[in-house]
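> Sequence first, then the predicted structure:
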Amino acid sequence: MIKAAVQYLTITPAILIMVAELVKTFEVEGNGEQKKEAVLEAVDMTYDELGKVVELKISKDFVHSVAERSIGVVVNFYNLVGIFTKKKQT
C-alpha cells in the first residue's frame, strides 16, 4: 500500500511535466481537439511502455485522467505567459 501511495505522489508531477512538454511539441495553430488527442495518445503509449519495464501500481485511467485535466491548465498557462500567441489576422 505504501509503495502504491509513493507511486501516486511521484507520478502526478511527472505526468504534469510530460503533458507540458507534449503540449509544446504538438503546438500548431488551430486543431485543438486533435492536439489534445495526440497528447493523450502519447501519454497512454508512455504508460504502456513504462509498464513493460516497471511494475506500476497506478492505473492507466488515473494517468489518463490527470493528463486530460492538465492539458487545459497547461495551454491556458502558456497563453497567459506568452509562450503561445495567436497570429493576428490581416
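In hand now; what should we look at? Numbering: from 1, shown residues only.
> At the geometric centre of this protein, which residue do we find?
V19 (2.4 Å; Cα atoms, centre = their mean).
> list the contacts for that residue?
The contact partners of V19, taken as Cβ atoms under 8 Å, 6 or more residues apart in numbering, are 39, 43, 67, 70-71, 74. From N, CA and C alone the C-beta is placed, and that goes for glycine too.
> Need the max-distance pair from these.
Taking Cβ to Cβ as the measure, the contacts of V19 span a maximum distance of 12.3 Å, between V43 and V74.
> And the next helix or strand past the lowest-mean-pLDDT helix or strand in the chain?
Among the helical and strand segments of the chain, the one scoring lowest on mean pLDDT, DSSP states H and E is helix 2-25, with a mean of 87. With elements assigned by DSSP states H and E, the helix or strand that comes after helix 2-25 is helix 32-53.
> Could you tell me the angle between the next helix or strand after that next one and helix 2-25?
Going down the chain from helix 32-53, the next helix or strand is helix 60-81, by DSSP H and E. Helix 60-81 and helix 2-25 meet at an angle of 40 degrees, taking axes from the mean of the first three to the mean of the last three Cα atoms, to 10 degrees as the criterion.
> Can you give the distance of helix 60-81 from its chain's centre?
Offset of helix 60-81 from its chain centre (Cα atoms, centre = their mean, to the nearest Å): 6 Å.
> Contacts for it, please.
Helix 60-81 is contacted by residues 8, 11-12, 15-16, 18-20, 23-24, 36, 39-40, 43-44, 47-48, 84-85 when judged by Cβ under 8 Å, 6+ apart.
> rerun at 10 Å
For helix 60-81, the external contacting residues (Cβ atoms under 10 Å, 6 or more residues apart in numbering) are 7-8, 11-24, 27, 32, 35-36, 39-40, 42-44, 46-48, 50-51, 56, 58-59, 83-86.
> Just put the contacts of V19 in JSON lines and tack on pLDDT.
Converted to JSON lines, those look like this (pLDDT from 0 to 100):
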{"residue": "V39", "pLDDT": "94"}
{"residue": "V43", "pLDDT": "95"}
{"residue": "A67", "pLDDT": "95"}
{"residue": "S70", "pLDDT": "93"}
{"residue": "I71", "pLDDT": "93"}
{"residue": "V74", "pLDDT": "92"}
